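>>> What follows is a predicted structure for the sequence shown.
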Amino acid sequence: MKERYQLAKTRILELPAEVKGDYRAFLISISNLFKTIFEVNETDSPTLQQYKEWNESLYADLSGDAYRSSFANPAYSVACFGEKTGPYISWYAARARDAVTAAYEKDEEEIVLCMELFLQAVTVLEEEEEPERFLKEIMYYYIHDYAERQMEKKIRGMLCFSPEGIYDIVMNSDFSDICYLYRYGEYITDNEITMAEYLQAMPEETLAAMARTYTQGYCKGFEAAGIDLSKKKTVQIRYHIGFEPMVRQAVLQFKEMGLQTVFTRTTNTKAVGVVSTAPNKQYLYDHRYDDALCLNRAIVRERLKMAEKVFEKYKEEASVYAGPAVIEVFGETLFSPETKKENPAYTKEQETMSVEYTRDFSLIQNRYIPQEQYSFTIIAYPIPEIGEDFKEIFEATVEVNTLDVKEYEKIHQALIDALDEGEYVQVTGKGNNRTDMRIRLHEKSDAAHQTNFENCLADVNIPVGEVFTSPVLSGTEGLLHVTQVYLNELRYENLEITFDDGMIESYTCTNYENEEDNKKYIKENVLHNRDTLPLGEFAIGTNTKAYRMGRKFGIEAKLPILIAEKTGPHFAVGDTCYSMSEDVVLHNPDGKEIVAKENECSALRHTDIAKAYFNCHTDITIPYDELGDIVVFTKSGKSITLIKQGKFVLSGTEQLNEALAE
């Protein structure tokens, strides 16, 4: 491997003096990227200045306006090299970046694979007049030949504890020296630096208390689901770089529970795991369907084959995996993606293949890590980019995350008692909001001991503040409309979704002038390339203090769905909240069993599991100021009003209006 490294390195460093022709600028730009990667890989104990220079150099072409003339930008590559070759050039530019974090981890094998891939492209571009066929062929065999390696890296990183890498950064760094932030190899900005300094200045007991809210929520999730946590050995922590002082406390607390912590790397174009501020969200958006350039049935089969092989290899580790514990962040500059015709896009057949792969991978994973045998927790905090009120917002968020659970338990019980009388619920908007939804509820065989709604009390889902159910699809219908909403960090203007028998019948928004672009935007990012999805959840958010926080600081649009879903009724399209764990017996604090855990789609798991699940769940919230009424209708014709013109009117819930009044 060292010999291959030196040979490839020598060849790449020679390129600027040798290459000529149309592709010269592209080849030199990637050669220069590798030059910095070599410095990172071969330098021991770099100084802070070196770290900063590398950080600037490695991400320069993705940042700000520089991205417009970056070869990693599909639009720019197509403008330079045409519609046939341009998309492949952009793909190779993006793949070269996989060597960046590998260099910080001293993973020479990964660096070598990236270098050799690039050098194969160099040969083609130098020798072929129409290189696109050869570039695609090289790409295809690279993906095919290293499918097992990439799959093992992904699954091992999720399941297996290692005292090196990220764990070493978290547990052994001197947090007073910000050098440790650069050791990840991720893009480091004022967000990460300011957050790290802010948390470093906190007393250890404050950090421990913040972590305890999160780790105890994790434990409560296991208790609520009746899962024996003592049989588990690993927990996966996902967090934003800069939160290490709090994460260290969480690691120690999980260790007291008998759990070792594993950390997962983010990938070049997918921010899952340990992440930092993206150098350019448009870059991530542009490359989200890169596999469209070569995706076919053979690749799908190979990936699934490798997934099964690797899970079988790590089946012992999978059996003791407890699940993820996630620290989300919010406050980054709001992002509205530019739609580019040059971006890779799935054909209809590839859409089907992608959906099937996601489904089948999930089924394989569930075989080795059954969802009814693990849990999770999620909590969210603001980052400095949110504005000059960052510290105040952070303190307010801590308050929202630690509200009195017992107080909310009583309020939720009043709502649930009323809802459990109903046959269906009617939700309407007010003002410019045209929502008019009818949600049909499950029939209970034993009303004295059963309930349709879960009393959500800040366990797996922090903060406290919702009651939710899985509606019956048949008879659930109407229009869901939100004037503005952010879903998975993407903005939607006047999002409208029409349901018939609980399934999405039509959808639109006003983001783009062209109606076709609006529908495509929703299909790709909400329906995840499916033709329809069921309404998997109906909930009533009760955290009016979170709503007040959003209004006070003008950050409603920046609140993560974790908090935003608690600031009004919300509807989730996709799977139910109990996906693949419908048979787990759950009870509310009052002792009643929750029986509304599935719908007509998930019930298909008994006959055709491939049709039962969609592997997505997107919450869409109507804020209180756009909310009209929520009324429960019983079989006898009686109506019970829970909320009238955005205010709680049901007896036992009126105190929620105090925060709304403020």
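Nice, I can see it. Numbering: from 1, shown residues only.
>>> rest of the way, CA atoms for contacts and neighbours
Noted.
>>> Quick check: Ala79 touching Gly86?
Yes. Between Ala79 and Gly86 a contact is recorded at 7.3 Å, counting by CA atoms under 8 Å.
>>> out of these two, which sits in the more crowded spot?
Comparing Ala79 with Gly86 by other CA atoms under 10 Å, the one with more neighbours is Gly86, at 22 against 14.
>>> How about the contacts made by the more buried one?
Pro74, Tyr76, Ser77, Val78, Ala79, Cys80 (CA atoms under 8 Å, 6 or more residues apart in numbering).
>>> Of those residues - the most surrounded one?
Pro74 (29 neighbours).
>>> Dump the C-alpha coordinates for stretch 638-656 into PDB.
The C-alpha trace of stretch 638-656 is given here as PDB (Å, rounded to 0.1, in the frame of the first residue of the first chain):
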ATOM      1  CA  LYS A 638     -71.300  15.000  20.000                       C
ATOM      2  CA  SER A 639     -68.400  17.400  19.300                       C
ATOM      3  CA  ILE A 640     -65.600  18.300  21.700                       C
ATOM      4  CA  THR A 641     -63.500  21.400  20.800                       C
ATOM      5  CA  LEU A 642     -59.900  21.200  21.900                       C
ATOM      6  CA  ILE A 643     -58.600  24.300  20.200                       C
ATOM      7  CA  LYS A 644     -60.600  27.200  18.900                       C
ATOM      8  CA  GLN A 645     -58.900  29.800  16.700                       C
ATOM      9  CA  GLY A 646     -55.500  28.800  17.800                       C
ATOM     10  CA  LYS A 647     -56.200  28.800  21.600                       C
ATOM     11  CA  PHE A 648     -56.700  25.800  23.900                       C
ATOM     12  CA  VAL A 649     -60.200  25.700  25.200                       C
ATOM     13  CA  LEU A 650     -60.500  22.200  26.600                       C
ATOM     14  CA  SER A 651     -60.800  22.100  30.400                       C
ATOM     15  CA  GLY A 652     -57.400  21.200  31.900                       C
ATOM     16  CA  THR A 653     -55.400  22.700  29.000                       C
ATOM     17  CA  GLU A 654     -56.000  26.400  29.400                       C
ATOM     18  CA  GLN A 655     -52.600  27.100  31.000                       C
ATOM     19  CA  LEU A 656     -50.900  26.400  27.700                       C
END
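>>> Any buried residues in it, and which?
Ile640, Thr641, Leu642, Ile643, Gln645, Gly646, Lys647, Phe648, Val649, Leu650, Thr653, Leu656 (16 or more other CA atoms under 10 Å).
>>> Next up, the contacts around the fourth one.
Remark: with contacts taken as CA under 8 Å, 6+ apart, Ile643 is in contact with Gly628, Asp629, Ile630, Val631, Val649, Leu650.
>>> need the residues you listed in TSV with pLDDT and secondary structure, can you?
Formatted as TSV, these follow (pLDDT from 0 to 100; DSSP: H, G, I helix; E, B strand; the rest coil):
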residue	pLDDT	secondary structure
Gly628	97	strand
Asp629	98	strand
Ile630	98	strand
Val631	98	strand
Val649	97	coil
Leu650	97	coil
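>>> Distance to Asp360 for those residues - can I get that in CSV?
As requested, the contacts of Ile643 are exported to CSV (distance: CA to CA, whole Å):
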residue, distance to Asp360
Gly628, 41
Asp629, 41
Ile630, 38
Val631, 40
Val649, 46
Leu650, 45
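>>> Next, the buried residues of the strand or helix carrying Asp360.
Per DSSP states H and E: Asp360 is located in helix 348-368. Residues 350-351, 353-354, 357, 359-365, 368 are the ones in helix 348-368 that count as buried (16+ other CA under 10 Å).
>>> farthest pair in the buried residues of stretch 638-656?
Pairwise distances across those (CA to CA) peak at 17.8 Å, for the pair Ile640 and Leu656.
>>> show me the contacts for Gly429.
Gly429 neighbours (CA under 8 Å, 6+ apart): Thr435, Asp436, Glu626, Leu627, Gly628, Asp629.
>>> Tell me which residues touch the fourth one, please.
In this case it means Leu627. Applying CA under 8 Å, 6+ apart to Leu627 gives the contacts Thr428, Gly429, Lys430, Asn433, Gly568, Gln645, Gly646.
>>> repeat that for 6 Å
Contacts here follow CA atoms under 6 Å, 6 or more residues apart in numbering; on that basis Leu627 touches Gly429, Lys430, Gly646.
>>> rewinding a little: please list the members of the contacts of Gly86 that lie in helices.
Pro74, Tyr76, Ser77, Val78, Ala79, Cys80 (DSSP state H).
>>> Out of those residues, which is nearest to Phe330?
Phe330 lies nearest to Pro74 out of these, by CA to CA, at 28.1 Å.
>>> any idea how far that closest one is from Leu284?
As judged by CA to CA, to the nearest Å, Pro74 and Leu284 stand 11 Å apart.
>>> On the three-state scheme, Ile497 is what?
Assigned with DSSP: H, G, I helix; E, B strand; the rest coil, Ile497 falls in the strand class.
>>> Spatially central, which residue of this protein would that be?
By CA atoms, centre = their mean, the chain has its centre lying nearest to Val272, at 6.3 Å.
>>> what's the closest non-adjacent residue to that one?
Thr266 (5.1 Å; CA to CA, 6 or more residues apart in numbering).
>>> Am I right that the one you found is in contact with Ser276?
No. Applying CA atoms under 6 Å, one finds Thr266 not in contact with Ser276, separated by 9.0 Å.
>>> Which of the two has more residues huddled nearby?
Ser276 (22 against 17).
>>> The more buried one and Ile241 touch, don't they?
Yes. Ser276 is within contact range of Ile241, at 5.3 Å (criterion: CA under 6 Å).
>>> Helices of the stretch 251-400 of the chain, residue ranges please.
Listed in chain order, the helices of the stretch 251-400 of the chain (DSSP state H, counting those that start in this stretch) span 281-286, 297-313, 315-319, 348-368, 390-401.
>>> quick one: buried residues of the third one?
Residues of helix 315-319 classed as buried by neighbour count (16+ other CA under 10 Å): Lys315, Glu317, Ala318, Ser319.
>>> quick one: which of these is nearest to Ala307?
When these are compared for distance to Ala307 (CA to CA), Lys315 wins out at 11.6 Å.
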